[in-house]
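Peer 1: Below are the sequence and a predicted model for it; my questions follow.
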Amino acid sequence: MNGTKIQRLALQAFQTFSKCRRTDAFREQLATLRDLMNQITKVEVNFNSQLVKNKEVYKPEHGGKPPVTYVHLWEDDVFSMGIFVLRNGAKIPLHDHPGMHGLIKVLHGKAKLKYYSDLSVDEIPVEVLPQLHPWQIQMTRVVSKCKENEVNSESEPCLLTPVEGNFHEVCAVDGPMAFLDILSPPYDHVRKCHYYKTLSPVSKTPKAQEESNLGGVVCLMETAQPHEFFCDQYTYEGPEIEPTWLENDSTDNRNDMDKPDIRLG
């Protein structure tokens, strides 16, 4: 492959996600994508250090500048790629990527990530029902808390699948932070981002006990976007990304994009 590292990453993202996601070949392509993403640093995207210069702890009650800045790199109907910059203590609140794969690579600073995995449990635990109005039941998800960890620029890219880690939040700790983000398929008028809040802890339902060994069941209820979370934008200053993959794209590759996905591994 020729070109810059970010160009090669974009090409690999297209090759990975434009084809059928139900084969071993997809897993191999995804592994290659993670390897290439792991090579991306601030240098490869010409990251502006002024974006992380302010180390003051973000306090939403003080208003002022937005907690998050987004730098747009690329988006088409196959994948999107961008950089999120979080002020010290700011977070991207608990949200989902419905039916999507996501990869996160920290470029600067340190982040705490909290992941939940969908258990596909229809029955809401009885302990939770008193916390809900009837119309909120269909907006509630039974999930398994899979892990909470800290990552930095030395960490390998984090992978989120349509099932594993699909509900998550990202918080900047010990200073501002920035991460490169790849999503596929990207959000659109059908795939919309939903925000959630956690309900009181519950004991495991029989089905959840059977399907989860990840150490705890949590109920999440869909809610409005938190008013303290909003973004501004900054222009990408790195190497240009050119859609060279369109020269070799074929209709056959694109026809498999909407086929059902499966759990990796």
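Peer 2: Sure thing, it's come through.
Peer 1: What segments of this protein are helices?
Peer 2: Along the chain, counting by DSSP state H, helices occupy 5-17, 24-38, 206-211, 251-254.
Peer 1: Report all helices and strands that the first one contacts.
Peer 2: Just to be clear, that refers to helix 5-17. Counting contacts by 3 or more Cβ pairs under 8 Å, 6 or more residues apart in numbering; DSSP states H and E, helix 5-17 is packed against helix 24-38, strand 68-75, strand 80-86, strand 167-184. Just so you know, the C-beta spots here come from the backbone N, C-alpha and C atoms, and that holds for glycine as well.
Peer 1: and the shortest one, which strands flank it?
Peer 2: Using DSSP bridges, the strands paired with strand 80-86 are strand 68-75 (antiparallel), strand 167-184 (antiparallel).
Peer 1: Nearest to V121, out of those?
Peer 2: The closest of the strands paired with strand 80-86 to V121 is strand 167-184. By Cβ to Cβ, the value is 13.5 Å.
Peer 1: Kindly calculate the angle that that closest one makes with helix 5-17.
Peer 2: Relative orientation of strand 167-184 and helix 5-17, computed by axes from the mean of the first three to the mean of the last three Cα atoms, to 10 degrees: 100 degrees.
Peer 1: avg pLDDT for strand 167-184?
Peer 2: Averaged across strand 167-184, pLDDT comes to 97.
Peer 1: Centroid-nearest residue for this structure?
Peer 2: Taking Cα atoms, centre = their mean, the centroid of the chain lies closest to G102, which sits 4.6 Å from it.
Peer 1: if we can go back for a sec, dump the strands paired with strand 80-86 into TSV; add distance to L199 and mean neighbour count as well.
Peer 2: Formatted as TSV, the strands paired with strand 80-86 follow (distance: least, Cβ to Cβ, whole Å; neighbours: other Cβ atoms under 10 Å):
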stretch	distance to L199	mean neighbour count
strand 68-75	25	18
strand 167-184	13	22
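Peer 1: just so I know, which of those strands lies nearest L113?
Peer 2: Here strand 167-184 is closest among the strands paired with strand 80-86 (Cβ to Cβ), at 5.6 Å.
Peer 1: quick revisit: out of the helices of the chain, which is the most enclosed?
Peer 2: Among those, ranked by average contacts under mean count of other Cβ atoms under 10 Å, first place goes to helix 5-17 (a mean of 22).
Peer 1: So what touches that one?
Peer 2: Contact with helix 5-17 is made by 1-3, 26, 29-30, 32-33, 36-37, 39-40, 44-45, 73-74, 76, 78-79, 81, 101, 182, 184-185, 238-245, 249, 257, as judged by Cβ atoms under 8 Å, 6 or more residues apart in numbering.
Peer 1: quick check, distance from that helix to the centre of its chain.
Peer 2: Offset of helix 5-17 from its chain centre (Cα atoms, centre = their mean, to the nearest Å): 17 Å.
Peer 1: heads up, I number from 448, so please use that
Peer 2: Understood, numbering begins at 448; the last thing we discussed is helix 452-464.
Peer 1: quick one: average pLDDT of it?
Peer 2: 97.
Peer 1: One more: stretch 668-688?
Peer 2: For stretch 668-688, mean pLDDT is 95.
Peer 1: distance between the ends of it?
Peer 2: With Cα to Cα, to the nearest Å as the measure, stretch 668-688 spans 38 Å from end to end.
Peer 1: if we can go back for a sec, turn the strands paired with strand 527-533 into JSON lines, columns for distance to Y563.
Peer 2: Below are the strands paired with strand 527-533 laid out as JSON lines (distance: least, Cβ to Cβ, whole Å):
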{"stretch": "strand 515-522", "distance to Y563": "21"}
{"stretch": "strand 614-631", "distance to Y563": "4"}
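Peer 1: And stretch 541-552, what's buried?
Peer 2: Residues of stretch 541-552 classed as buried: 541-544, 546-552 (neighbour count, 16 or more other Cβ atoms under 10 Å).
Peer 1: what's the answer for stretch 676-691, then?
Peer 2: Those would be 676, 683, 685, 688, for stretch 676-691 by 16+ other Cβ under 10 Å.
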